[in-house]
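Participant: What would the 3D arrangement of this be:
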Amino acid sequence: MHTLPMCMLEEFSRYSSLQRDQAPLAWLLVYLKRKGGFVQLNQIWRELGPTGGGPFWNQTTLINKLDKLERLEIVTMERRILPSPRAEAKKKTNTFYRLNPATPLYPYIFGMLKIYKEEPDKYSSELVEKPLERLSNLAGKSSGGNPLAGRELEVAMELIGEVFSVGGDEVKRMIKERMARKGMIKDRKQGSKQVTKQGTKKDTSGDANYGADKAKNGSRKRKKKDALGEELKE
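Facilitator: Purely as a prediction, here's the structure:
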């Protein structure tokens, strides 16, 4: 049952070991995870290339990594025919990528990050040392039969607990308080009536505001990379 995922993990580990710098590939995975759905190739290059201050300095490296990730079934690629931005009468084939939710790596992508507090209620993140190795190790543990190991929330809570050196109950409280401040859930304490200095009661309750098919293509030919390169030049 775990043969296919384990083969993929082994190949990913071998591929990771060939990376002289693990950061570009790790940031690409984190970027796609944060985006959630399909992202156009042009947008990926714009935001992860030199213009956006990203880790990629040439298009070929980015395309090669996306191509390898697709062959590993870690990402899925989709081609869409869209109107050309230069001439509405023309149509152009555009390439989109997204992280594959079915990959055993998917729940552990954010495990490559370490979170630190800059100031009250403001957090930042950076990659851990050897992030791809950590990702492989986290995903590898899920093959041990633990039914909770593949759940993303469990992984996130474990990471928070490690960063802030707190137990499970405290982690849950921290998550709940942050969600309440973001308006994702109602905080009963904040929603209760409070007594003001004048002795009157004030209702501070707030309304909660509530805010990605697998596509495969044929063999990877040189002309595909040439086409992707031309697409990025548009």
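
Participant: Go through the helices and strands of this structure and name the one with the lowest mean pLDDT.
Facilitator: strand 193-195 (a mean of 43; mean pLDDT, DSSP states H and E).

Participant: Could you export the helix or strand that contains Y123 as CSV, CA atoms only?
Facilitator: Assigned by DSSP states H and E, Y123 falls within strand 122-127. Coordinates of the C-alpha atoms in strand 122-127 are reproduced here as CSV (Å, rounded to 0.1, in the frame of the first residue of the first chain):
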residue,chain,number,x,y,z
LYS,A,122,4.1,39.6,14.4
TYR,A,123,5.9,36.4,13.3
SER,A,124,8.4,35.6,10.6
SER,A,125,9.8,32.4,9.2
GLU,A,126,12.9,31.1,7.6
LEU,A,127,14.1,27.8,6.3
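
Participant: could you point out which element follows it?
Facilitator: As the chain continues past strand 122-127, the following element, by DSSP H and E, is helix 131-141.

Participant: So which elements touch that next one?
Facilitator: Under the contact criterion of 3 or more C-beta pairs under 8 Å, 6 or more residues apart in numbering; DSSP states H and E, helix 131-141 touches helix 3-17, helix 23-35. Glycine gets a C-beta too; all of them are placed from N, C-alpha and C.

Participant: Point out the most buried one among these.
Facilitator: Of the helices and strands packed on helix 131-141, the one with the most neighbours on average (mean count of other C-beta atoms under 10 Å) is helix 23-35, at a mean of 19.

Participant: Pull up the pairing partners for the next helix-or-strand element following it, direction included.
Facilitator: Heading C-terminal from helix 23-35, the first helix or strand you meet, by DSSP H and E, is strand 39-40. Here strand 39-40 has these sheet partners by DSSP bridges: strand 91-99 (antiparallel).

Participant: The very next helix or strand once past the strand it pairs with pairs with which strands?
Facilitator: For strand 91-99, the following helix or strand on the C-terminal side (DSSP H and E) is strand 113-119. Sheet pairing of strand 113-119 (DSSP bridges) gives strand 122-127 (antiparallel).

Participant: any idea of the angle the strand it pairs with forms with helix 131-141?
Facilitator: Put simply, strand 122-127 runs at 90 degrees to helix 131-141, going by axes from the mean of the first three to the mean of the last three C-alpha atoms, to 10 degrees.

Participant: tell me which residues in strand 122-127 are buried?
Facilitator: For strand 122-127, a neighbour-count test (16 or more other C-beta atoms under 10 Å) marks L127 as buried.
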